[in-house]
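A.B. asks: fold the following and give me the result.
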Amino acid sequence: MTVHMKREIDRLKQMLMSLCEVVEESLRQAVEAIKTRDEALAKTVIAGDIEIDQMEVDVEEECLKILALYQPVAIDLRFIITALKINNDLERIGDLAVNLAERGTFLAGQQREDVTLDFDAMTEKTKSMVHRSLEALVNMDSKLAYEVCAADDEVDQINHQMFLIVQDEIRAHPEQSESLIHLLSASRHLERVADHATNIAEDVIYMIEGHIVRHKAENFKT
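C.D. replies: Got it, this is the predicted structure:
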């Protein structure tokens with residue numbers, strides 16, 4: 001790897017991490033808006049999607065520039081291809097944060113339901129998965145990437161538990177069914193965030209090890 005290409009790849013890594021930080025914060029604010037019924041905060045998340053979209057474009061342009069100028073091969077080429085795919089997953093996570101915020105804007109105008117859903121645990125786990133998947137990329141750490149993939153089961157389990165709780169609450173309080181369905185939708189959006197983090201981790205494993213692990217759940221058992 002030439003000195004110039006190394007400098008460009010280091011810059012690309014930093015751009016991806018910056019995008020990840022913005023996406024994580026958007027996700028945190030969106031869930032907070034749902035918990036506190038803060039319509040203004042929800043609208044802030046929705047408005048901030050423009051910044052995420054622009055950052056995604058910038059990362060893509062950086063990847064294409066490196067491909068055009070340096071024609072990387074082997075591990076460097078796999079890194080650029082992986083960065084392009086991860087960039088798309090991060091942008092989709094930003095879109096899911098917007099979807100969560102839209103649930104928040106609706107719920108802000110509704111009476112609060114007497115139901116306890118573990119959004120804190122689910123949010124922390126999904127945010128951790130996103131952050132660690134990027135750490136695995138930057139540090140070329142396939143072990144960490146496998147750990148991220150394995151953690152997806154925990155998020156799926158919480159999502160299933162939330163479904164059961166909301167199902168029971170709808171039966172008990174049909175007059176609150178619309179709000180409860182929005183809460184269930186929020187849970188599903190968080191579960192999709194975890195799926196995208198898993199996609200990122202799988203791409204990191206491909207980049208480092210050179211083989212595809214998608215659809216091979218047995219690889220993620222710890």
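
A.B. asks: helices or strands up against the helix or strand of the chain with the lowest mean pLDDT?
C.D. replies: When each helix and strand of the chain is scored by mean pLDDT, DSSP states H and E, helix 119-138 comes last, with a mean of 87. Applying 3 or more CB pairs under 8 Å, 6 or more residues apart in numbering; DSSP states H and E, one finds that helix 119-138 contacts helix 3-36, helix 74-108, helix 142-172, helix 177-209. Glycine gets a C-beta too; all of them are placed from N, C-alpha and C.

A.B. asks: contacts only, for Ala33.
C.D. replies: 39, 41-42, 45, 100-101, 104-105, 108 (CB atoms under 8 Å, 6 or more residues apart in numbering).

A.B. asks: how about a cut-off of 10 Å?
C.D. replies: If you count contacts by CB atoms under 10 Å, 6 or more residues apart in numbering, Ala33 has them with 39-46, 97, 100-105, 107-108.

A.B. asks: roughly how far does Ala197 sit from Gln14?
C.D. replies: Between Ala197 and Gln14 the computed distance is 20 Å (CB to CB, to the nearest Å).

A.B. asks: and Ser128, by the same measure?
C.D. replies: In this structure, Ser128 and Gln14 are 21 Å apart, going by CB to CB.

A.B. asks: over to Val130?
C.D. replies: From Val130 to Gln14 the distance is 17 Å (CB to CB).

A.B. asks: neighbour count winner among the two?
C.D. replies: Val130 (26 against 11; other CB atoms under 10 Å).

A.B. asks: per-residue pLDDT of the nearest residue in space to the more buried one that is not next to it in sequence, please?
C.D. replies: Once flanking residues are discounted, Val130 sits nearest to Ala197: 4.6 Å by CB to CB, 6 or more residues apart in numbering. On the pLDDT scale, Ala197 is placed at 95.

A.B. asks: one more: Asp203?
C.D. replies: Asp203 carries a pLDDT value of 92.

A.B. asks: ditto for the one 3 residues further on
C.D. replies: At Tyr206, the predicted lDDT confidence score is 89.

A.B. asks: residue contacts, the residue lying closest to it once chain neighbours are set aside?
C.D. replies: For Tyr206, ignoring the flanking residues on the chain, the nearest one in space by CB to CB, 6+ apart is Ile212 at 5.6 Å. Each residue near Ile212 by CB under 10 Å, 6+ apart is listed here: 202-203, 205-206.

A.B. asks: show me the shaky parts of the chain.
C.D. replies: Applying pLDDT under 70 to the chain flags the ranges 1, 215-222.

A.B. asks: try 80
C.D. replies: Residue ranges of the chain with pLDDT under 80: 1, 112-119, 214-222.

A.B. asks: need the helices and strands packed on helix 119-138 in CSV (columns: distance to Asp114).
C.D. replies: Formatted as CSV, those follow (distance: least, CB to CB, whole Å):
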stretch, distance to Asp114
helix 3-36, 15
helix 74-108, 14
helix 142-172, 8
helix 177-209, 11
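
A.B. asks: what's the closest of those helices to Val57?
C.D. replies: Val57 sits nearest to helix 74-108 of all these, at 9.1 Å, using CB to CB.

A.B. asks: name the residues of the closest one that are buried.
C.D. replies: 76, 78-108 (16 or more other CB atoms under 10 Å).

A.B. asks: what's the angle between that helix and helix 119-138?
C.D. replies: Using axes from the mean of the first three to the mean of the last three CA atoms, to 10 degrees, the direction of helix 74-108 lies 160 degrees away from that of helix 119-138.
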